[in-house]
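1. Below is the structure, and that's it, no one-letter string:
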């Protein structure tokens, strides 16, 4: 930063007044911006936006993870051509039917 106190100011009074006016306007804009930034509604709005962004990011990651699991399971029961793999579907279906049967028998015993 240079020391301007020893150099004479060659500006006219009109130029000095215009410079002062411009600086006042810049200062007023800066103060308005600061007022908006520290206003409670702005702070709450910024916090809400950050939380929403974080939730969106988390949900996106969860969706990708679930989609990967579903795709992996699908590949276990369907061939690349889209045909069902009966050698895997039938045993799983039999186990599911057996579990449902056990639940029905168990609920009748208690009831």
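-> Now that the structure is in, tell me what you want to look at. The structure displayed is predicted, hence computed values, not measured ones. Numbers count the residues shown, from 1 in each chain.
2. From the contact counts, what lies against the one helix or strand residue 50 maps to?
-> Counting by DSSP states H and E, the element that carries residue 50 is helix 40-77. Packed against helix 40-77 by the contact rule (3 or more C-beta pairs under 8 Å, 6 or more residues apart in numbering; DSSP states H and E) you find helix 86-110. Bear in mind the C-beta positions are built from the backbone N, C-alpha and C, glycine included.
3. Which strands or helices does the helix it packs on pack on?
-> helix 40-77.
4. distance of the most centrally placed residue in the chain from residue 42?
-> By C-alpha atoms, centre = their mean, the chain has its centre lying nearest to residue 53, at 2.5 Å. Noted for residue 53: a distance of 16 Å to residue 42, by C-beta to C-beta, to the nearest Å.
5. do residue 67 as well
-> Plainly put, residue 67 is 37 Å away from residue 42 if you go by C-beta to C-beta.
6. And for residue 22?
-> Distance of residue 22 to residue 42, given as C-beta to C-beta: 27 Å.
7. With residue 24 instead?
-> Note on residue 24: its distance to residue 42, by C-beta to C-beta, is 24 Å.
8. Show me the domain layout of this structure.
-> Per automatic domain parsing, the domain ranges recorded for the chain read 13-77, 84-111.
9. shaky segments in the chain?
-> Along the chain, segments meeting pLDDT under 70 span 1-6, 111.
10. The same query, at a cut-off of 80, please.
-> 1-8, 110-111 (pLDDT under 80).
11. about what we covered before: please identify the buried residues of the helix holding residue 50?
-> For helix 40-77, the neighbour count (16 or more other C-beta atoms under 10 Å) marks no residue as buried.
12. give me the element residue 28 is part of.
-> helix 13-38.
13. and that helix, what does it pack onto?
-> Counting by 3+ C-beta pairs under 8 Å, 6+ apart, helix 13-38 packs on no helix or strand.
14. Could you tell me the angle between the direction of that helix and that of helix 40-77?
-> 50 degrees (axes from the mean of the first three to the mean of the last three C-alpha atoms, to 10 degrees).
15. any idea how far residue 55 lies from residue 49?
-> Residue 55 is 11 Å from residue 49, by C-beta to C-beta.
16. Oh, that last question was meant for residue 110, not what I typed.
-> 52 Å.
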